[in-house]
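K.L.:
Have a look; sequence and predicted model below, questions after that.
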Amino acid sequence: MNERPLTREEVDLFLRLRPHSRRAFMAAFGATAAALTLSACSPSKPEAKADGKLVIEGSEGNKLAFYNWDTYIGETTLADFKAASGVEVNMTLFANNDELFAKFRAGNPGFDVIMPSNEYVARMVEAKMLAPLDHAKIPNKKNLLPEFQDADFDPGRKYSMPYTWLVLGIGYRKSAMKGGVIPDSWKYLYDSAEYKGRLSLLAESADVFRLGFKYLGKSVNDATPELIKQVEDMLIKQKPNIKNFHEDNGQDLLMSREVDIVLEYNGDIAQKETEDPDLAFVVPKEGSLLNSDCMCIPVGAPNPNNAHAFINFLLDGQNGANITKTILYPTPNAAAKALMDDTYKNNPTIFPPADIMAKCEYGKYAGSAITQAFEAAMTRVRAA
């Protein structure tokens with residue numbers, strides 16, 4: 001792959017930006033950041049394990065190409081893997097799932113491990129872009145919480161292993177809530193003028209429409225033409241009350257006090273709560289949309305044995321905890337979660353109450369026609 005390594009200064013900035021959105025690094029460097037490559041590095045070289053190097057059966061060599069979201073790896077994880085295995089990881093960054101999918105339309109350009117979200121796992125399987133995993137080479141799958149051992153979007157975990165999970169909800173500024181009332185319904189975003197000009201929705205059409213279905217008492221996967229039209233009409237009516245549709249930076253809009261209520265992921269708000277205690281997060285009472293970013297091996301991976309070893313390494317309890325301490329997203333790894341402190345494990349933003357989570361669903365890939373219907377309806381909303 002013709003991609004240059006990051007400079008030391010760029011790596012330093014990358015590490016400083018980690019506590020922010022997965023897209024913060026892209027915003028800092030511009031679109032060309034997606035083509036940069038980060039080699040295994042850390043502030044100090046980790047010691048090799050006492051029992052020596054990790055032995056990779058059938059190792060293809062000492063390289064591995066990793067395609068990942070920005071701000072989404074532990075500070076020493078890549079260097080730790082190199083110390084344990086002798087394999088150097090070159091990590092290239094992408095900004096969104098559409099970019100990831102487009103990268104593989106013409107075939108694998110040379111990556112060994114990639115990180116699509118759940119709906120795109122199904123989409124890439126359908127497009128024959130993902131290789132089946134050899135579970136015998138991923139014994140740390142046992143560390144996953146029971147509810148992540150299988151997945152509706154990937155039965156039997158044939159093609160994916162979970163890295164994180166995320167839930168969409170409402171981030172808000174507590175001091176700005178009228179009467180101190182918690183905005184615990186999608187009504188505040190979709191069907192109310194109470195916070196006119198002080199609310200922001202995500203720009204991603206599928207997410208916005210699926211959550212509109214939830215507000216109307218339907219499943220996030222009830223994507224009928226009639227229901228899409230109903231949510232479209234509701235959003236057009238609501239649009240005068242919406243300040244903007246943000247690019248996954250709702251937490252920054254809250255921090256800058258540009259808005260008081262945002263549609264955002266729990267992990268993004270949890271990060272900012274550590275900086276501003278006036279911020280909070282709630283999953284609305286109607287339920288919400290779940291996402292899970294997953295580790296996959298694309299068809300044509302040049303180093304599939306190294307890829308399996310890397311995925312297994314990331315699923316190790318201590319390695320998973322080191323990642324989680326850096327990125328502060330919810331982990332599906334029981335062994336990693338057990339090593340985290342109570343401020344993480346008991347954080348209701350990161351881990352919302354079970355009764356609310358029971359009302360949340362994963363979005364199912366329903367084919368290109370539905371995807372295009374979402375996008376066309378959102379275009380009409382934004383043009384209205």
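P.N.:
Sure thing, it's come through. Numbers count the residues shown, from 1 in each chain.

K.L.:
which residues in this structure form strands?
P.N.:
37-39, 63-69, 88-94, 113-114, 161-173, 199-202, 242-246, 261-265, 279-282, 289-295, 361-362 (DSSP state E).

K.L.:
which secondary structure elements does the last one contact?
P.N.:
Identification of packing neighbours for strand 361-362 by 3 or more Cβ pairs under 8 Å, 6 or more residues apart in numbering; DSSP states H and E yields strand 289-295. Yep, even glycine has a C-beta here, placed from its N, CA and C like the rest.

K.L.:
The third one now?
P.N.:
Packed against strand 88-94 by the contact rule (3+ Cβ pairs under 8 Å, 6+ apart) you find strand 37-39, strand 63-69, helix 77-85.

K.L.:
quick one: strands adjacent to it?
P.N.:
Here strand 88-94 is paired, per DSSP bridges, with strand 37-39 (antiparallel), strand 63-69 (parallel).

K.L.:
Residue 160 reaches residue 151, doesn't it?
P.N.:
Yes - with contact defined as Cβ atoms under 8 Å, residue 160 reaches residue 151; the gap is 7.1 Å.

K.L.:
Break this structure down into its structural domains.
P.N.:
8-165+293-345, 166-290+347-383 (automatic domain parsing).

K.L.:
on that earlier part again, can the strands of the chain go into a markdown table with extra columns for mean neighbour count?
P.N.:
A markdown table is the format used below for the strands of the chain (neighbours: other Cβ atoms under 10 Å):
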| stretch | mean neighbour count |
| --- | --- |
| strand 37-39 | 18 |
| strand 63-69 | 23 |
| strand 88-94 | 22 |
| strand 113-114 | 26 |
| strand 161-173 | 24 |
| strand 199-202 | 24 |
| strand 242-246 | 19 |
| strand 261-265 | 27 |
| strand 279-282 | 22 |
| strand 289-295 | 22 |
| strand 361-362 | 18 |
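
K.L.:
how about those strands, which one is nearest residue 273?
P.N.:
For residue 273, the closest of those is strand 279-282, at 5.1 Å, according to Cβ to Cβ.

K.L.:
Determine the set of other helices and strands touching that closest one.
P.N.:
Strand 279-282 sits against strand 161-173, helix 250-255, helix 266-273, with contacts defined as 3+ Cβ pairs under 8 Å, 6+ apart.

K.L.:
Check what pLDDT the residue lying closest to residue 203 once chain neighbours are set aside gets.
P.N.:
Once flanking residues are discounted, residue 203 sits nearest to residue 245: 4.2 Å by Cβ to Cβ, 6 or more residues apart in numbering. Model confidence at residue 245, given as pLDDT, is 94.

K.L.:
Please determine how far residue 245 is located from residue 263.
P.N.:
Residue 245 sits at a distance of 9 Å from residue 263 (criterion: Cβ to Cβ, to the nearest Å).

K.L.:
thinking again about what came up before, between residue 160 and residue 151, who's got more neighbours?
P.N.:
The neighbour comparison of residue 160 against residue 151 (other Cβ atoms under 10 Å) goes to residue 160, with 28 against 22.
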